[in-house]
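# Pasting a predicted model and its sequence here:
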Amino acid sequence: MNRKNLAILIFDDVEVMDFAGPFEVFSVTDELSNHELLNVYTVGQKATIRAKNGLKVVPDYSPKNCPAPDYLLIPGGSGTRPLLKDEKLLHWIVQIAENCENVLSVCTGSLVLAKAGLLKGLKATTHHEVIGELEEMAPETEIVKDQRFVDNGKILTSAGVAAGIDMSLYMVSRLYGEEMAVKIAKYIEYRVTNN
């Protein structure tokens, strides 16, 4: 099995658990599989990202030099609002998404997908406090309010913060089987919430 690339976009004011939760799930999946499944890395436009509440994070790559991802994850947080006006980054996301097997969002990362035009005709969810904002931004998208995550096949969206861990474990199950997802959840001592 070829090791796949999983890129996590990070940016100033990104919600910490939105990217760190999925990072933990996917990197532990790789770790417990002798580093044969997933090359998990972060991508940011700046040399140092200041996440929500001041956590400093150094991205592994920039959009210009990152390895081509098989999977792209876009987390949320208040930092997504400037991204909605960043035409260059939105164009990069659209280009990357064309060649990805899956694109995932956590929380308000769904707003970025909507702005990029990637949610048209699909179902999507987001953090409960910004459902109305997503409805306005994505009128051609069916907004789901009562699920932790939504799977459209190629594109998956999750509700806020910890829901990203549920979606990530679900994705592990989809890719590598239920037994692997249970193993990862047990290892990180996470109780899975039903969708």
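Now that the structure is in, tell me what you want to look at.

# tell me the SS of residue 5?
strand (DSSP: H, G, I helix; E, B strand; the rest coil).

# so it sits right up against residue 37, yeah?
No. Look at residue 5 against residue 37 with Cβ atoms under 8 Å: they stay out of range, at 10.9 Å. C-beta coordinates here come from the backbone N, C-alpha and C atoms, glycine included.

# between these two, which one's more packed in?
Set residue 5 next to residue 37 and count neighbours by other Cβ atoms under 10 Å: residue 37 wins out with 21 against 17.

# Could you identify the longest helix within this protein?
The longest helix of the chain (DSSP state H) is helix 16-31.

# so what pLDDT did the residue sitting nearest the centre point of the chain get?
The C-alpha lying nearest the average C-alpha coordinate of the chain belongs to residue 73 (Cα atoms, centre = their mean; 2.8 Å). Note on residue 73: pLDDT of 98.

# Likewise for residue 1?
You'll see residue 1 listed with a pLDDT of 64.

# What of residue 194?
At residue 194, the pLDDT value in this model is 60.

# All the strands of the protein, residue numbers only.
4-9, 38-43, 49-50, 56-57, 71-74, 102-106, 123-124, 142-143, 149-151, 155-158 (DSSP state E).

# Distance of residue 42 relative to residue 150?
Residue 42 sits 24 Å away from residue 150, taking Cβ to Cβ, to the nearest Å as the criterion.

# Equivalent analysis for residue 64, please.
According to Cβ to Cβ, residue 64 stands 31 Å off from residue 150.

# okay, these two: which has more neighbours?
More crowded of residue 64 and residue 150, by other Cβ under 10 Å: residue 150, with 24 against 8.

# Kindly state the beta-bridge partners for the more buried one.
Counting by DSSP bridges, residue 150 is bridged to residue 157.

# Let me know how buried residue 117 is, in neighbour terms.
Residue 117: 13 surrounding residues under other Cβ under 10 Å.

# which residues does the nearest residue to it once chain neighbours are set aside contact?
Distances taken as Cβ to Cβ, 6 or more residues apart in numbering place residue 94 nearest to residue 117, at 7.0 Å, with adjacent residues excluded. Going by Cβ atoms under 8 Å, 6 or more residues apart in numbering, residue 94 touches 116-118.

# ok, 10 Å please
113, 116-118 (Cβ atoms under 10 Å, 6 or more residues apart in numbering).

# just the buried members of those?
Buried subset of those (neighbour count, 16 or more other Cβ atoms under 10 Å): 113, 116, 118.

# Between those, which sits nearest residue 129?
residue 113 (17.6 Å; Cβ to Cβ).

# Quick check, pLDDT for the closest one.
We have a pLDDT of 98 for residue 113.
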